[in-house]
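Asker: Structure for the following, please:
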Amino acid sequence: MPTRTARTEWTGGLQDGTGRVSLTSSGVGTYDVSFPKRSADDADGTTSPEELIAAAHSSCFSMALSGEIGRAGGTPQSLDVSADVTLGPDPAGGFKLTGITIKVRGKVDGLDADGFEKAAQAAKAGCPVSKALAAVDITLDAALA
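Answerer: Numbering: from 1, shown residues only. Have a look, this model is predicted:
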């Protein structure tokens, strides 16, 4: 399997510094990052590690769920998946990811609500990003649309 790469150029200190993260493998974009905007309610046009993790998790989960639905005998018509990643204080000092909420609404042929929930739980457990983030509390809100 391939290795994917991103690169960040950073100048300055934590509070006054800024950076640019580039999605190097795909070349699809370069995005501004800054700690003050990372920890603010308004991202103001910058991304953050948490947003990038949310993007990785929602896309990985979507793929995993599509596979689980197929293994359960269903056919996914559409999946709308969002991931909310929360940054908060770490009692040990500094910051940590304090939780991730995955919300999925699906249009699926061949599965009832219970079958969809089982497939979503299996996808949550089997998604490589979920596995990588196992130290973070991950909640799942799954329902048929």
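Asker: Report the helix of the protein that spans the greatest number of residues.
Answerer: The helix spanning the most residues in the chain, taking DSSP state H as the definition, is helix 49-71.
Asker: for that one, packing partners?
Answerer: If contacts are counted by 3 or more Cβ pairs under 8 Å, 6 or more residues apart in numbering; DSSP states H and E, helix 49-71 sits against strand 75-89, strand 95-109, helix 113-126, helix 128-132. (Each C-beta comes from the backbone N, C-alpha and C, glycine too.)
Asker: mind checking how far the lowest-mean-pLDDT helix or strand in the chain is from the chain centre?
Answerer: Taking mean pLDDT, DSSP states H and E as the measure, the chain has helix 35-38 as its least confident helix or strand, at a mean of 92. Between the mean C-alpha location of helix 35-38 and the chain-wide mean there is a distance of 19 Å, by Cα atoms, centre = their mean, to the nearest Å.
Asker: okay but Ala64 is in contact with Ala123, surely?
Answerer: Yes. With contact taken as Cβ atoms under 8 Å, Ala64 and Ala123 are classed as touching, separated by 3.9 Å.
Asker: more crowded one of those two?
Answerer: Neighbours of Ala64 and Ala123, each counted by other Cβ atoms under 10 Å, are more numerous for Ala123; the result is 26 against 21.
Asker: Correct me if wrong: that one contacts Gly67.
Answerer: Yes. Counting by Cβ under 8 Å, Ala123 sits close enough to Gly67 to count as a contact (7.5 Å).
Asker: now the nearest residue to Asp44 once chain neighbours are set aside: how far from Glu50?
Answerer: In space, Asp44 comes closest to Lys37 once its chain neighbours are excluded; the distance is 5.5 Å by Cβ to Cβ, 6 or more residues apart in numbering. Between Lys37 and Glu50 the distance, using Cβ to Cβ, to the nearest Å, works out to 11 Å.
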